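> Just need the structure, nothing else, for what follows:
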Amino acid sequence: MRPLAALRHPGFAGFLTAKFLATFAVQMQTVAVGWQVYALRHDPLDLGLVGLSQFLPFVPLVLIAGHVADRFNRRRILALCYAIQVLCALMLLGFTLLGLHVVWPVFAVMILFGVARAFSMPASQAIVPNLVPVESFGNAVALNSSAFQVATIAGPTLGGLLYLAGPQTVYAVVAVLLIVASVLMAIAKVRPLNLARVAPQAVGIQSEAAASKSWHTVLEGLKFVRSRPVVLGAISLDLFAVLLGGATALLPAYAHDVLHVGPTGLGLLRTAPGVGAALMAVVLAFSPMARHVGRWMFAGVALFGVATVIFGLSQSFLVSLCALLLLGFGDMASVYIRHMLVQLETPDAIRGRVSAVSGVFIGASNEL
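Below is the predicted model:
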């Protein structure tokens, strides 16, 4: 199989471009929001509340969003979610130009952003298997992860540099990028290609005709995950690893109070995990894992934990950068395997709802 075989499918290429631009923009925005909020009161709790404000709408909505992703056009859902994120960026721009002196308007915008993220996450994950044939799916996952990591690398760095000209500059660029992403997703040509390996009825899932009449259809993603111990174990492992080991929410405080660097340094810190993850993603794009995936997943989580401990003890900017790079390298191995397991083991009819369950695990661990 060719290393870039998935890009031969126009629908996937259009989706990948739009998602890259949207991710790039959001990463820039994350740096600007974190630094701007922390600069107002220098309270680390505010950084946690930024995450919490995104998490609050995510939990009650994401399972419903998974159901929506299975019932409606996933491409249109993504285009609408990107448009809502444009609105969020414009609101942040407006607050900044008017003179932001309190933090609550930012939290309000982040709640709306969390709503958009709740609906975009399951649609974004579930649409990939519809864009490429099964033989190209592993390559599509690796390319999708690579694009995400490149955006994660470049976005925070550019966001930190642009912040030197003021947060309003960052928000304006973010809005433009998200507008382009929304348009690209709206016009993308998607030819559904069913990758389902199991019939929904084989695991006790109702047909869509019957399920649409019942509220229980929203919870069928949970039912399916419980019926697949390998899938449940994989996403549970990620939840506890990030819940107990994630440190990225506090990066603005580390940058300012411990490492004594400015917004550019913060951008580099946010970039470092992406660099490590991108290196692993490039390896996976050319040599997808085919054997001993369980060992690789556990090794990746172990490396993530060790790197987090090093970062927590470090007071050196260079050591912290290296630790975050290793963190991203290990995390990418785990993410790749988990994503492959969830998508390949799930029937297309409920893939959005299962992706939503996975998103609850990931979102809960990251925000909490």
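
> neighbouring contacts of stretch 257-273?
Outside stretch 257-273, the residues within contact range by CB atoms under 8 Å, 6 or more residues apart in numbering are 27, 30-31, 34-35, 152-161, 163-164, 248, 251-252, 254-256, 315-317, 320-322, 324-325, 327-328, 331. (Each C-beta comes from the backbone N, C-alpha and C, glycine too.)

> Now do the buried residues in stretch 221-237.
For stretch 221-237, the neighbour count (16 or more other CB atoms under 10 Å) marks 221-225, 228, 231-232, 234-235, 237 as buried.

> farthest-separated two in those?
Maximum pairwise distance among the buried residues of stretch 221-237 (CB to CB): 20.4 Å, between 223 and 237.

> Residue 96 versus the residue positioned nearest the centre of the chain, what's the distance?
The centroid of the chain falls nearest to residue 121 when counting by CA atoms, centre = their mean (7.3 Å). Counting by CB to CB, to the nearest Å, the gap from residue 121 to residue 96 is 27 Å.

> about what we covered before: so which of the contacts of stretch 257-273 sit within strands?
Taking DSSP state E, every one of the contacts of stretch 257-273 sits outside strands.

> Got the confidence number for residue 126?
With respect to pLDDT, residue 126 scores 78.

> swap in residue 122?
Looking at residue 122, the pLDDT reads 83.

> Looking at the buried residues of stretch 221-237, which are in helices?
221-225, 231-232, 234-235, 237 (DSSP state H).

> For these, could you give me TSV that also reports distance to residue 142 and pLDDT?
Formatted as TSV, the entries for these read as follows, by distance: CB to CB, whole Å; pLDDT from 0 to 100:
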residue	distance to residue 142	pLDDT
221	25	71
222	28	73
223	30	78
224	25	79
225	24	77
231	20	76
232	24	80
234	17	75
235	19	74
237	20	76
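
> Of the residues you listed, which is the nearest to residue 305?
Using CB to CB, residue 237 comes nearest to residue 305 of those, at 11.4 Å.

> In this model residue 297 seems to touch the closest one, though I could be wrong.
Yes - contact criterion CB atoms under 8 Å: residue 237 and residue 297 qualify, at 7.2 Å.

> Now for the two: what residues contact both?
334, 338.

> Next, the angle from the helix or strand encompassing the residue nearest to the centre of the chain to helix 220-227.
Assigned by DSSP states H and E, residue 121 falls within helix 104-127. When axes from the mean of the first three to the mean of the last three CA atoms, to 10 degrees is applied, the directions of helix 104-127 and helix 220-227 differ by 60 degrees.

> helices or strands up against helix 104-127?
Counting contacts by 3 or more CB pairs under 8 Å, 6 or more residues apart in numbering; DSSP states H and E, helix 104-127 packs against helix 10-41, helix 44-71, helix 74-98, helix 317-344, helix 351-367.

> Please produce CSV containing these, extended by distance to residue 187.
What follows is the helices and strands packed on helix 104-127, written out as CSV (distance: least, CB to CB, whole Å):
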stretch, distance to residue 187
helix 10-41, 8
helix 44-71, 20
helix 74-98, 9
helix 317-344, 25
helix 351-367, 22
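
> mean confidence score for stretch 269-283?
Here the average pLDDT along stretch 269-283 is 81.

> quick revisit: just the buried members of the contacts of stretch 257-273?
Buried among the contacts of stretch 257-273 (16+ other CB under 10 Å): 27, 30-31, 34-35, 152-161, 163, 248, 251-252, 254-256, 317, 320-322, 324-325, 327-328, 331.

> sorry, back to before: mind listing what's buried along the helix holding residue 121?
Quick answer for helix 104-127 (16+ other CB under 10 Å): 105-107, 109-127.

> And residue 316, its phi and psi?
Backbone torsions for residue 316, taken as degrees, to the nearest 10, come to phi -110, psi 130.
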